[in-house]
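**Student:** Predicted model follows, preceded by the sequence.
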Amino acid sequence: MGYENNLNQPRYAFKKRVSRPPSELGLTFFLKGNIFCPDLWESETGDYLVIGRDVTKEVYGNLPSGASVGPDERVVLIPRSVLSSAKPDIPDAYQLGFPLKSE
């Protein structure tokens, strides 16, 4: 399960949607001939693919301490309802072997 690019297979193949469809959340809309559908998908690698609005330019000068955006990264905004609806499908950190955060 690597990140190699095989010409016969997309580099980041969509495996399954992990949120409710945008239409069920009332988040599908048209603007200037374009359709907007924020969404969250699990990839074949187990990572997540986020479909949302690129807000990198708007927030770049106001990143919190310790946060950075690399040249090939973007800050993507998705509505809270998309992430909340995906929560049942996203494993908790302890299920992935990460230690629980100490209080």
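**Tutor:** Yes, it's here.
**Student:** I'd like the next helix or strand past the helix or strand of the chain with the lowest mean pLDDT.
**Tutor:** When the helices and strands of the chain are compared on mean pLDDT, DSSP states H and E, strand 29-31 comes out lowest with a mean of 72. Later in the chain than strand 29-31, the nearest helix or strand by DSSP states H and E is strand 34-36.
**Student:** distance between that next one and the chain's centre?
**Tutor:** 18 Å (CA atoms, centre = their mean, to the nearest Å).
**Student:** Adjacent strands (with direction) for it?
**Tutor:** Looking at strand 34-36 with DSSP bridges, its partner strands are strand 29-31 (antiparallel).
**Student:** In this structure, mark out all the strands, start to finish.
**Tutor:** Ranges of strands in the chain, per DSSP state E, are 14-17, 29-31, 34-36, 39-43, 48-51, 53-54, 76-77.
**Student:** Where among the ones you listed is average confidence lowest?
**Tutor:** Mean pLDDT is lowest for strand 29-31 among these, at a mean of 72.
**Student:** Helices of the chain, start to end?
**Tutor:** Using DSSP state H, the helices assigned to the chain run over residues 56-59, 80-86.
**Student:** starting at the chain centroid, how far to the last one?
**Tutor:** What separates the centre of helix 80-86 from the centre of its chain is 11 Å, taken as CA atoms, centre = their mean.
**Student:** Restrict that helix to CA atoms and write it as PDB.
**Tutor:** Extracted as PDB, the C-alpha positions of helix 80-86 are listed here (Å, rounded to 0.1, in the frame of the first residue of the first chain):
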ATOM      1  CA  ARG A  80     -18.800  21.000  10.200                       C
ATOM      2  CA  SER A  81     -21.700  18.800   9.200                       C
ATOM      3  CA  VAL A  82     -19.500  16.900   6.700                       C
ATOM      4  CA  LEU A  83     -16.900  15.900   9.300                       C
ATOM      5  CA  SER A  84     -19.500  15.200  12.000                       C
ATOM      6  CA  SER A  85     -21.400  12.900   9.700                       C
ATOM      7  CA  ALA A  86     -18.100  11.000   9.000                       C
END
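**Student:** just checking, what packs against it?
**Tutor:** Counting contacts by 3 or more CB pairs under 8 Å, 6 or more residues apart in numbering; DSSP states H and E, helix 80-86 is packed against strand 39-43. Heads up, the C-betas are built off the backbone N, CA and C, glycines and all.
**Student:** Thanks a lot, catch you later.
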